[in-house]
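# return atomic coordinates for the entry below.
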Amino acid sequence: QVQLVESGGGSVQAGGSLRLSCVASGDTYISYCMGWFRQYLGKEREGVAAICRGGYADSYADSVKGRFTISQDNAKSTLYLQMNSLKPEDTAMYYCAAKPFSASGWTYWGQGTQVTVSS
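Sure, this is the predicted structure:
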């Protein structure tokens, strides 16, 4: 079992930056992939970025490439999402997720943190 708690959301003007954090607790010694997802009001959740231990390349949605960076601090069991050059269309609820490396679907989810970008 893994518990995930996000923080760092808020309101910012277009062009600004935010850094989201996700603290993991529980079975964090197990190899997991971790990711960030977002959900617009009334829309399905979509993947933003993901990272897996073991030297695998990070992955990003095309809409955030070059603007967002995913990283993790294993010593702190914390996942980050640095978001730069924010746009109004980045406004959404952002969720942290984790899955065992061999799992096909994302298993654990945080409660979400709201990001609002004004023009």
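# got the contact list for stretch 32-41?
2, 20, 22, 24, 45-53, 70, 72, 79, 81, 90-101, 106, 112, 115 (Cβ atoms under 8 Å, 6 or more residues apart in numbering). All C-beta atoms are positioned from the backbone trio N, CA, C, and that covers glycine.
# what do you get for stretch 85-96?
Against stretch 85-96 from outside (Cβ under 8 Å, 6+ apart): 4, 6, 9, 12, 14-18, 20, 22, 34-41, 45, 48, 63-64, 67, 79, 81, 83, 109-119.
# cool, and stretch 10-26?
Applying Cβ under 8 Å, 6+ apart, the external contacts of stretch 10-26 come out as 1-9, 32, 34, 36, 76-88, 94, 96, 98, 110, 113-119.
# what about 6 Å?
Under the contact criterion Cβ atoms under 6 Å, 6 or more residues apart in numbering, stretch 10-26 has outside partners 1-8, 77-84, 86-88, 94, 96, 110, 116-119.
# again, but for stretch 67-75
Residues contacting stretch 67-75 (Cβ under 6 Å, 6+ apart): 49, 51, 58, 79, 80, 81, 82, 83, 84, 85.
# next, the buried residues of it.
Neighbour-count burial for stretch 67-75 flags 68, 69, 70, 72 (criterion: 16 or more other Cβ atoms under 10 Å).
# for the residue nearest to residue 118 when sequence neighbours are not counted, give its distance to residue 7.
Distances taken as Cβ to Cβ, 6 or more residues apart in numbering place residue 13 nearest to residue 118, at 5.5 Å, with adjacent residues excluded. Using Cβ to Cβ, to the nearest Å, we find residue 13 at a distance of 20 Å from residue 7.
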